[in-house]
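S.K.: pasting the structure only:
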């Protein structure tokens, strides 16, 4: 391969570094009205009265929007395919507010300053209601967070709002109870994960204007421009044909920009007034009023026989979706479906639980999407079981884990919101990942620990899998056209959000067309100009959209050959094209691509050659990885120093090895953030304390010592040039690997995230007092 | 009210509010590379050079910039190109929202301490957060940039 799997630079890096206009707010109209939201100071309340008379009198205030301005159309902000597997439980504005930071009303004015003044003048009278701030008591609580009658599910997701259940799920293969009873070793443990925040550096940003055709044009920092168009149309009853959504460069998403946020209010203001409007979330709003990762409690039981065979996994979960149910069911299902098949030789496996409403900041999509929660529980539990059985945790994994050509019955049963898709693991290099990782971290010499006078060094590990898009649901498409002078335009709905998809998709097209990346000009994500794509989520872009690009390029090449055969008056099979020149076999007739493209553009039987092609996956081949951490713990303070993280990844072909490494490196640090750094703290009254970047600590460059990221040779036949996904897999292993390393160092088990020195200290004191 | 200052070598007069921050004034006057990422000077994406030193423009009142020299990444284009080359070659590009501010800080480090060691580099740049890359590829690229001849 000439372009794929070679060191191609990001196609956009230079312009981005030079600060050229690229991001959403760079395109806001200068005279945009500012939309500012008054946010609820109460975790749960009914709005009784709004006095906005004084505010409306202010010079420069255009309007004050309250729930009375909107027709009651429930929708979900989730930003998923249609029909959505999330409950329609949100109104643009509602008379109830359900968490501190929820939308009470919006003021619209000519400047930030006047909007702020207006907000200060508005008096809201609330009937304060008792909130539910503990998700373990939410189910069947006498407080009902969503009493409104209009809300509904699109199909059966187990939505029972009167019981505070946003969704629920259950499945069992075999007989878990019976198998557990027959096991020689059984453990039962409970794990907790926190509401990690995405902290993409660009806050949620949107702006809109009416164009000269009287259509609304929305620029949005979104991962899902086509879903945004659909949801706005549904929520505001604007015909979809009147809406154009453009996704410019996005400054990071990680799932946090899959849902819609300010789009609804800004679109309403512009459509209503005809004036441009914009909204940029403050960082506080990003933390408090968008959404975070679903916190979960996971009760897990494992059983094994005395020969070291894992016989049963019983996994019961409870997930906190906060005030609204975005991604409630699907995140929870991934906790099972992209974790439990790792151990596919069990006799019985159960996965079940509820996703409940509370009066906290909502939860939603976040890289890892349930898998990181499940991985922390399962991969911690495996080490606990091995300790009890006194056997080596790696040998146990090697014996029981998924191997190439194998499958798991879970794939057919569990999809995302619906039944799944049966598939064999045509590529699964997990064994090699584990072996290489052991060598790279020097496991044999370092496991379990090395003690010095004041420090303990230890290692820990975990394995993981993810998916590559959602089969039969996620669709990507691409249009490629040949221009005069022999270069191509590639139009994709696939959404570059910083992960490098524009570069990767350009490489795929260039490889298929046997040309250079400079000859393929990509334009991504504009609902008027590019073909449909579900957007950047579910690790789908390289695999699903990449397959669409490859297909389109192949079909365009076929068209070009037909035209060349016509020009030379020979059969198509007599033409040979090498990316630059068409040659007629066994003759000296030839024509360059440049001449060819100029001729069909300008001089003879002219036509535009252009192809649009689509792809829907028939399976979701999982990438796999083994993650190994080496830490050093101070014996006195229990401060954890992360010395090295080894990631050995099977993602099929790396279309762009450097960008793939960047995806894994970045995900590892984000995963370590969840594992160790990023504590989520609420006051007793439900106010988020860790709601800014001083109190919510993402890893800084001082926290990163060494990352060792390598890829094993792997070729997935169904992927474009052998590729699987790589966007999410990196985030899954750090929490369990760290928990296992801490246990290997100190003999204590931390089962709730993040694993901080304070928790270790407490646990050590408890252990020493025993 | 008006302030006079020099931006990227050009004398400018901006109409400002008394309570306006430099960040907002610059964005309003078409320096899109200067960006807001947080509310309390903790992310670094609003960095500009003020009389040659990197500062978070989100917390500098514009009114205090009378007669000051401001540099945004548009003013160090050649340096940004050099850093971009190393970022590209090492795969350090992701969302790029923080890249222009990083270019300014790294350029400033180069002027102050071209021989900076690993820890000095990290400490100098600790205020420039990145959520995408895991920092490692960036760090290698920055080392190469500091090692460039000119």
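M.R.: That came through, no problem. Predicted, not measured: the structure shown is a model, and the values here were computed from it.
S.K.: so which helix or strand takes in residue A:529?
M.R.: Using DSSP states H and E, residue A:529 is not contained in any helix or strand.
S.K.: what pairs with residue A:220 across the strands?
M.R.: residue A:206 (DSSP bridges).
S.K.: Contacts only, for the closest residue to residue A:679 other than its chain neighbours.
M.R.: What sits nearest to residue A:679 in space, not counting adjacent residues and going by CB to CB, 6 or more residues apart in numbering or on different chains, is residue A:754, at 5.5 Å. C-beta: built from backbone N, CA, C; applies to glycine. The contact partners of residue A:754, by CB atoms under 8 Å, 6 or more residues apart in numbering or on different chains, come to A:194, A:674, A:675, A:676, A:677, A:678, A:679.
S.K.: do residue A:121 as well
M.R.: A:52, A:54, A:55, A:58.
S.K.: Go again with 6 Å.
M.R.: The contact partners of residue A:121, by CB atoms under 6 Å, 6 or more residues apart in numbering or on different chains, come to A:54, A:55.
S.K.: hang on, the earlier thing: which strand or helix spans the residue nearest to residue A:679?
M.R.: Judged by DSSP H and E, residue A:754 forms part of no helix or strand.
S.K.: what's the pLDDT at residue A:307?
M.R.: On the pLDDT scale, residue A:307 is placed at 97.
S.K.: With residue A:768 instead?
M.R.: On the pLDDT scale, residue A:768 gets 90.
S.K.: Show me what from chain B comes close to chain A.
M.R.: B:32-33, B:37-40, B:42-43, B:45, B:73-74, B:80, B:84, B:87-88, B:91, B:93-100, B:103, B:122, B:126, B:131-137 (CB under 6 Å from any CB of the partner chain).
S.K.: are any of these buried, and which?
M.R.: The neighbour count (16 or more other CB atoms under 10 Å in any protein chain shown) marks B:32-33, B:37-39, B:42-43, B:45, B:73-74, B:80, B:84, B:87-88, B:91, B:93-100, B:103, B:122, B:131-137 as buried among the residues of chain B next to chain A.
S.K.: So which of the residues you listed sit within strands?
M.R.: Per DSSP state E, strands hold no members of these.
S.K.: Tell me which stretches of the stretch 151-300 of chain A form strands.
M.R.: A:165-173, A:185-193, A:205-210, A:216-220, A:243-246, A:277-280, A:296-304 (DSSP state E, counting those that start in this stretch).
S.K.: Nearest to residue A:460, out of those?
M.R.: Nearest to residue A:460 among the strands of the stretch 151-300 of chain A is strand A:185-193; the distance by CB to CB comes to 15.4 Å.
S.K.: what distance separates that closest one from the centre of its chain?
M.R.: Strand A:185-193 sits 27 Å away from the centroid of its parent chain (CA atoms, centre = their mean, to the nearest Å).
S.K.: quick one, domains of chain A?
M.R.: A:23-129+A:204-280, A:296-470+A:619-769, A:475-616 (automatic domain parsing).
S.K.: Nearest to residue A:14, out of these?
M.R.: Once the domains of chain A are compared by CB to CB, domain A:475-616 is nearest, at 12.3 Å.
S.K.: can you give me the helices in the stretch 1-150 of chain A?
M.R.: A:13-17, A:53-57, A:112-121 (DSSP state H, counting those that start in this stretch).
S.K.: any idea how far the longest helix seen in chain A is from the chain center?
M.R.: Ranked by residue count and defined by DSSP state H, the top helix of chain A is helix A:546-568. Distance of helix A:546-568 from its chain centroid, counting by CA atoms, centre = their mean, is 34 Å.
S.K.: So which bits of the next helix or strand after it are buried?
M.R.: Counting by DSSP H and E, the next helix or strand C-terminal to helix A:546-568 is strand A:575-577. Within strand A:575-577, the residues that count as buried by 16+ other CB under 10 Å are A:575, A:577.
S.K.: Need the residues that contact strand A:575-577.
M.R.: Strand A:575-577 has contacts (CB under 6 Å, 6+ apart) with A:561, A:564, A:565, A:582, A:583.
S.K.: Which of those sits closest to residue A:377?
M.R.: Relative to residue A:377, and with distances defined as CB to CB, the nearest of the contacts of strand A:575-577 is residue A:561, at 54.1 Å.
S.K.: State the number of residues packed around the closest one.
M.R.: As a burial measure, residue A:561 scores 17 neighbours (other CB atoms under 10 Å in any protein chain shown).
S.K.: so it touches residue A:572, yeah?
M.R.: Yes. Look at residue A:561 against residue A:572 with CB atoms under 6 Å: they come within range, at 5.2 Å.
S.K.: What is the longest helix of chain A packed up against?
M.R.: In terms of contacts (3 or more CB pairs under 6 Å, 6 or more residues apart in numbering or on different chains; DSSP states H and E), helix A:546-568 is packed against strand A:475-482, helix A:501-512, strand A:575-577, strand A:610-616.
S.K.: quick one: the longest one to strand A:475-482, angle?
M.R.: Read that as helix A:501-512. Using axes from the mean of the first three to the mean of the last three CA atoms, to 10 degrees, the direction of helix A:501-512 lies 60 degrees away from that of strand A:475-482.
S.K.: Now do the helices in chain B.
M.R.: If DSSP H is used as the criterion, the helices of chain B fall at B:22-28, B:77-90, B:99-112, B:118-125, B:136-147.
S.K.: Show me which residues of the third one are buried.
M.R.: Applying a neighbour-count criterion of 16+ other CB under 10 Å, one finds B:99, B:100, B:101, B:102, B:103, B:104, B:105, B:106, B:107, B:108, B:109, B:110 buried in helix B:99-112.
S.K.: List the residues that contact residue B:60.
M.R.: Applying CB under 6 Å, 6+ apart, the residues contacting residue B:60 are residue B:22.
S.K.: One more: the one 5 residues further on?
M.R.: Contacts were defined as CB under 6 Å, 6+ apart; by that measure residue B:65 touches B:5, B:22.
S.K.: Would you check how far apart it and residue B:76 are?
M.R.: Distance of residue B:65 to residue B:76, given as CB to CB, to the nearest Å: 18 Å.
S.K.: do the same with residue A:230
M.R.: For residue A:230 relative to residue B:76 (CB to CB), the value is 43 Å.
S.K.: buried sites along stretch A:414-423?
M.R.: In stretch A:414-423, counting by 16+ other CB under 10 Å, buried: A:414, A:415, A:416, A:417, A:418, A:420, A:421, A:423.
S.K.: Take the domains of chain A and write them to JSON lines, including distance to residue A:177.
M.R.: Formatted as JSON lines, the domains of chain A follow (distance: least, CB to CB, whole Å):
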{"stretch": "domain A:23-129+A:204-280", "distance to residue A:177": "29"}
{"stretch": "domain A:296-470+A:619-769", "distance to residue A:177": "8"}
{"stretch": "domain A:475-616", "distance to residue A:177": "33"}
